[in-house]
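Engineer: Give me the fold of what follows.
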Amino acid sequence: MIDELEVVRALGAHEAAAGDGARDRVWARVTGPAPRRRGRVLRPLLAVAAPVALAVAAVVAVAVLRAGADHDDVRVYRSAEPAPAAPALAAPFPGAHQFLYVKSRQTQMSCTAVASESMRCHMDPTGIRESWVSEREQGEAVDPRADRPMELSPSAIYLGNRRFTHDEILAYHPTPPELLEMLQKGRIGKQGNGGASYPFAQLTDALREMPLPGPLAVTVVQTLPLVPGVKDEGSVTDEEGRPGHAYSRVVGHMREQVIVDPEQGTMLQERQFALDAEAAPGIEGPDLGNAVYLQRAVVDRVGQRP
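Structural biologist: Numbers count the residues shown, from 1 in each chain. Predicted coordinates:
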């Protein structure tokens with residue numbers, strides 16, 4: 001699950017360069033009043049390349065969960081056209097000791113403190129990020145802004161604040177309304193950002209580098225338009241020319257957009273846009289971050305590529 005700190009990291013505030021206080025000031029610039037810190041328990045990890053996230057890992061997003069509904073429950077919310085008997089979902093789900101390999105092309109923002117209460121931001125060069133995420137094994141991420149590969153601890157599977165074992169996530173078959181209800185009821189206090197639209201952050205976080213079974217990944221995508229405050233932007237193509245569907249929300253001085261493949265249950269691209277000059281001092285133009293997800297696959301070891 002991601003909270004406000006992870007969103008700031010996604011915008012490119014370096015941990016080493018800026019420190020926690022600086023990230024809070026970036027957040028204040030983007031969304032208004034700085035969020036109250038509620039302890040490490042609310043900050044599991046940003047999977048990703050986060051909303052374009054640099055720092056990674058972890059992840060997003062509780063009620064009584066339905067386990068045992070068959071896959072027809074998911075297809076009710078999909079196209080009326082009959083699906084193939086054995087669809088090849090592009091959301092691969094690794095075994096507990098395998099790795100989910102994700103390759104993305106990213107452009108991220110970095111901000112540094114220039115005075116006690118001010119920040120200066122700039123866009124970093126576009127680069128390729130690769131990650132190897134495992135539920136039981138130590139993984140790795142190669143990020144364009146890091147001098148060397150980053151070690152990733154074994155990554156537990158989360159949806160919102162609920163942690164799943166490997167078998168539990170395979171048996172979890174909620175409908176989109178049930179998944180949204182779980183995220184809403186599982187939120188702790190004022191955790192996260194965006195008020196009622198916060199499940200958008202939890203859902204998109206789960207689509208980045210979180211290993212999810214294919215049918216559940218499709219349900220995650222189908223839940224996006226049900227989130228209060230989320231705008232359905234219709235059919236679009238991403239930077240690679242792939243057809244998808246776009247959804248967005250506004251948080252403070254920023255608009256977050258994701259392009260997803262509803263049939264495959266995958267995130268194709270995500271972007272952040274400044275709505276005014278207060279979003280990121282020093283940045284010219286609206287773009288605050290961009291990530292295009294190029295490849296996903298199951299591999300057996302760190303460093304292996306499909």
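
Engineer: okay, and for the stretch 1-150 of the chain, where does confidence drop off?
Structural biologist: For the stretch 1-150 of the chain, the stretches flagged by pLDDT under 70 are 1-90, 115-117.

Engineer: for the stretch 151-300 of the chain, same thing?
Structural biologist: Answering for the stretch 151-300 of the chain: no residues sit below the bar, that is pLDDT under 70.

Engineer: Which residue ranges of it form strands?
Structural biologist: In the stretch 151-300 of the chain, the strands defined using DSSP state E, counting those that start in this stretch lie at 157-159, 162-164, 231-237, 243-251, 254-261, 266-274, 287-299.

Engineer: how far away is Arg208 from Gly289?
Structural biologist: Separation of Arg208 from Gly289 (Cβ to Cβ, to the nearest Å): 13 Å. To be clear about C-beta, it is placed using only N, CA and C from the backbone, and glycine gets the same treatment.

Engineer: So if I had to pick from the two, which one is more boxed in?
Structural biologist: A count of neighbours by other Cβ atoms under 10 Å puts Arg208 above the other of Arg208 and Gly289, at 30 against 26.

Engineer: how close does the more buried one get to Tyr172?
Structural biologist: Counting by Cβ to Cβ - Arg208 and Tyr172 are separated by 19 Å.

Engineer: Could you give the number of residues near Arg271?
Structural biologist: 23.

Engineer: distance of it from Pro281?
Structural biologist: Here the criterion is Cβ to Cβ. By it, Arg271 lies 20 Å from Pro281.

Engineer: Equivalent analysis for Thr204, please.
Structural biologist: Distance from Thr204 to Pro281, by Cβ to Cβ: 26 Å.

Engineer: does Ser104 belong to a helix or a strand, and which?
Structural biologist: In this assignment (DSSP states H and E), Ser104 forms part of strand 99-107.

Engineer: now the angle from that strand to strand 266-274?
Structural biologist: Counting by axes from the mean of the first three to the mean of the last three Cα atoms, to 10 degrees, strand 99-107 lies at 30 degrees to strand 266-274.

Engineer: For strand 99-107, C-alpha coordinates in CSV please.
Structural biologist: Presented in CSV, the C-alpha positions along strand 99-107 are these (Å, rounded to 0.1, in the frame of the first residue of the first chain):
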residue,chain,number,x,y,z
PHE,A,99,10.2,-13.5,-9.6
LEU,A,100,8.0,-11.1,-11.4
TYR,A,101,10.2,-9.2,-13.9
VAL,A,102,8.9,-5.7,-14.8
LYS,A,103,10.6,-3.4,-17.3
SER,A,104,9.6,0.2,-17.7
ARG,A,105,10.7,3.5,-19.2
GLN,A,106,10.5,6.4,-16.8
THR,A,107,10.8,10.1,-16.6
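
Engineer: Run a quick neighbour tally on the closest residue to Pro243 other than its chain neighbours.
Structural biologist: Using Cβ to Cβ, 6 or more residues apart in numbering and skipping residues adjacent in sequence, the residue nearest Pro243 is Thr237, 5.7 Å away. Neighbour count of Thr237, defined by other Cβ under 10 Å: 13.
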